[in-house]
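In: sequence and computational prediction follow.
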Amino acid sequence: MTLSDAIGVTTQYSKDTRPTILFLVGELGAGKTHFVNQFAQEIGVARRLPSPTFTFLQEYSCDWKGKGKIVHCDLYRVDPDKAEKTLEQIGFWDYLEDRNIVFIEWPEKALSQLETLPHKSLSITITDSGERHYAFN
């Protein structure tokens, strides 16, 4: 699946699901933040969205199809043994109101807390030739 295809599926999923939660899975540098930026651009968010690696979470206003915010979480630096406390400290659960679109990078770092949420997973891989491939699980 191409980037354009993956954005199309995510756009449709975002229209139909409240809240919209998408797990982004891939190695370091696979393009998870790039995907969030491309999706945001597709729905009319004019600014570039930086990676929230050091802040854990960033939110952006979104006036698309009645959505409230794009919430971008990056759990790469989360200690899995402290994930529950970290999610509480960053106010993660407050963002799960029905109008938000929530992207979660490195969900496996807090899987026991997140796996029961209604979500889709998007795996991003890079081939030996440098092409990105996208697959929904």
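Out: On my side now, so go ahead.

In: flag every buried residue along whatever helix or strand residue 35 lives in.
Out: If you go by DSSP states H and E, residue 35 is part of helix 32-42. By neighbour count with 16 or more other C-beta atoms under 10 Å, helix 32-42 contains the buried residues 32-33, 35-40. From N, CA and C alone the C-beta is placed, and that goes for glycine too.

In: next, the buried residues of the longest helix seen in the chain.
Out: In the chain, with assignment by DSSP state H, the single longest helix is helix 3-16. Using 16+ other C-beta under 10 Å as the burial criterion, the residues of helix 3-16 that qualify are 3, 6-7, 10-11, 13-14.

In: so what does it touch, helix or strand wise?
Out: strand 20-25, helix 32-42, strand 120-126, strand 132-136 (3 or more C-beta pairs under 8 Å, 6 or more residues apart in numbering; DSSP states H and E).

In: how many degrees apart are that helix and helix 32-42 in direction?
Out: If you take axes from the mean of the first three to the mean of the last three C-alpha atoms, to 10 degrees, helix 3-16 sits at 70 degrees to helix 32-42.

In: and helix 3-16, C-alpha only, in CSV?
Out: The C-alpha trace of helix 3-16 is given here as CSV (Å, rounded to 0.1, in the frame of the first residue of the first chain):
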residue,chain,number,x,y,z
LEU,A,3,1.3,6.6,1.4
SER,A,4,-1.6,8.0,-0.5
ASP,A,5,-3.6,4.7,0.0
ALA,A,6,-2.8,4.7,3.7
ILE,A,7,-3.9,8.3,4.1
GLY,A,8,-7.1,7.5,2.2
VAL,A,9,-7.9,4.6,4.6
THR,A,10,-7.1,6.7,7.6
THR,A,11,-9.3,9.5,6.3
GLN,A,12,-12.2,7.2,5.9
TYR,A,13,-11.6,5.6,9.3
SER,A,14,-11.4,9.0,10.9
LYS,A,15,-14.8,10.0,9.4
ASP,A,16,-16.5,6.8,10.8
